[in-house]
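> Sharing a sequence plus its predicted fold:
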Amino acid sequence: MKNKNSIFIFGSGIISLILGGGFLYIEQRLSIVATGLCLWGIISLAICLGFQFRSSQKGMTVSRWKKMGLVLLIVVLSAAFFVGTNYFASRLSWRWDVTRAKQHTLSPSTIQFIQGLKQDVKFSALYVGLPPTYLEDLFKEYERASNGRIKTEIIDPIEQISYAAQFGNVINGKENKIVVISGKERRDVDFTSAPLSEDQLTNAVMRVTRRERHLYFLIGHEEYSILNKDSQGLSTFTKLLASNNMPSTELMLGIEPRIPEDCDVLIVAGPRNELTKKEESTIEEYLKQGGRALFLIENVVVTTPDKPLTPEELHKNPSLNSILNQWGVNIGEDIVVDLDSHAGDDVGSPATRNYGLHNVIAEGLDYTFYIRPRSITALKDQRPTIKLAPIVMTALGGRSWAETDRTLQVHFDQGVDIPGPVAIAFAIMEKKKAGMKANTRIIVFTDADFLSNAYIDQYSNARMGLNVINWLSEMDTKVFVNPKNIKIERLDITSKQKREVVVILFLMPVFITAYGIFMWIGLRNRP
């Protein structure tokens, strides 16, 4: 009976001390409850020590010493485990985010970009009132990934009115924004109507830390328009380009005498009518001087056996071979089909993961698909200074070929049709020579639809488009696509509530361990 009483008093003393310490941590002051629990714990332990001293007077057996030593060892090891776990958790930077959208950690492309920063960046959040927890966590993630390059602060423009004035901010209790500054460059990110996202911050950092790349889209020949928001437009693609610090501008060579000096990449997006000889000559001269260009060739016109094509329809959607032949490639007057790997029910829309050995262009790609692309082949008698290679081909092991019959009678004709795998895109480069500004870089796709508003968000089409522009413009940083759409469902709690959570999380394993020890002792003391 005495053993049971001493165990009960000892257990209640330990629990009282733990609870008392927890209340002291939460309240951050000496309260009646905390003081009472701590006193009862001390008194209980003192009583147990008294019992133990009296028992030792009567003599201690070896088995009882072993039992006490084992209990003490368990208590010490448990305490060491709890203390060590919390210590290393606060010191080490290992992260494991188990949420579906990985909302508590930055994406790999953002981390790689942030770690490569060569200049300091500062985030200044202007937020009236208590800032949301997700904002503080997001800032901490950027600071952690940047190795000291990124500094952050959250300012209440009403409480710190004089400090906030340096940002030229009009005090508005309903407006929230982030000011991103690096050197003399500044970008403002508004997050009043929606939570701040990773892609918004990363794109702002990109804009203040690297030079813009200027893209020019040729117009005047019924090309795909960058202003068109319908299914046939390229507005979604140009929006992605702009978010990667690559603004787009239309260019009409019939009005402009030459391609602008600040053109980093010229994009010819699916012209349906022939270019003039003067326009072709202007583009050729631009490329010979080390220009960069992306050619998206529109598909040939098809028909049915009962409706023969007119001479005009036969030459609709030019191949631009008059330009491309000079760079070692030729566009076919055919349609690439794949019976085994295609999008939907259209065998003329091949879907593939068969990419050339080009790390920058193929990085991060899964399947991409193309709407009635043409074949593209390398010419035999090309300049020895030109290097070219296919970057997209129809799937390996499938039944694909370049169909020359434009009456929709899909059948492979040996010696007439080109057997698969058929190249759909080529990359071309010519090293810089005397008088050239840089290496000439050209990419040719025999389809423009895959980057249109209707299809760009499907499969890896958007990633392919951005990877291609990335290579053409020689940017050494990652592109960002498909931003995380995170629904913020988090509870903002006070500092006291945070301490309560810490105590609860600490006490749960402590009570489980203590219960196990007492049960073990009770079973050992049974006759």
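Noted; the coordinates are in hand.

> Give me the pLDDT for the spatially most central residue of the chain.
Among the residues of the chain, the smallest C-alpha distance to the mean C-alpha position (C-alpha atoms, centre = their mean) belongs to residue 107, namely 4.4 Å. Among the per-residue scores, residue 107 holds a pLDDT of 81.

> again, but for residue 411
The predicted local confidence for residue 411 is 89.

> What separation do you get for the residue nearest to the centre of the chain and residue 201?
12 Å (C-beta to C-beta, to the nearest Å). Quick note: C-beta positions are derived from backbone N, CA and C, even for glycine.

> Please apply the same query to residue 245.
The value you get for residue 245 to residue 201, if C-beta to C-beta is used, is 14 Å.

> try residue 314
Relative to residue 201, residue 314 is positioned 52 Å away (C-beta to C-beta).

> more crowded one of the two?
For residue 314 versus residue 201, the count of surrounding residues by other C-beta atoms under 10 Å is larger for residue 201: 25 against 13.

> quick one: contacts of the helix or strand where that one lies?
Element membership for residue 201 (DSSP states H and E) is helix 198-209. Contacts to helix 198-209, defined as C-beta atoms under 8 Å, 6 or more residues apart in numbering, come from residues 106-107, 110, 113-114, 117-119, 121, 123, 138, 142, 150, 178, 180-183, 185-187, 189, 191, 243-245, 477, 480, 483-484.

> what's the average pLDDT for that helix?
Confidence for helix 198-209, expressed as mean pLDDT, is 83.

> what's the answer for stretch 377-390, then?
91.

> which residues touch the residue nearest to residue 441 when sequence neighbours are not counted?
Leaving aside its sequence neighbours, residue 441 sits nearest to residue 292 (C-beta to C-beta, 6 or more residues apart in numbering; 4.7 Å). With contacts taken as C-beta under 8 Å, 6+ apart, residue 292 has the following neighbours: 264-266, 438, 440-442, 472-473.

> if we can go back for a sec, tell me the helix or strand right after the helix holding residue 201.
Scanning the chain past helix 198-209 towards its C-terminal end, the next helix or strand to appear is strand 215-218 (assignment: DSSP H and E).

> Which residues does that following strand contact?
In this structure, residues lying in contact with strand 215-218 by C-beta under 8 Å, 6+ apart are 223, 226, 234, 238, 241, 246-253, 259-260, 263-269, 271, 469.

> And the residues you listed, which of them are buried?
The neighbour-count criterion (16 or more other C-beta atoms under 10 Å) marks 223, 226, 234, 238, 241, 246, 248, 251, 253, 259, 263-269, 271, 469 among the contacts of strand 215-218 as buried.

> What distance do you get for the residue nearest to the centre of the chain to residue 185?
Distance of residue 107 to residue 185, given as C-beta to C-beta: 23 Å.

> Secondary structure element for residue 179, which one?
When secondary structure is defined using DSSP H and E, the element that contains residue 179 is strand 177-182.

> for that strand, packing partners?
Packing partners of strand 177-182 (3 or more C-beta pairs under 8 Å, 6 or more residues apart in numbering; DSSP states H and E): strand 121-126, strand 185-190, helix 198-209.

> Helices of the stretch 401-527 of the chain, start to end?
Counting by DSSP state H, counting those that start in this stretch, the stretch 401-527 of the chain has helices at residues 461-472, 495-524.

> rank the ones you listed by pLDDT, which is bottom?
Taking each of the helices of the stretch 401-527 of the chain in turn, the lowest mean pLDDT turns up on helix 495-524, with a mean of 66.
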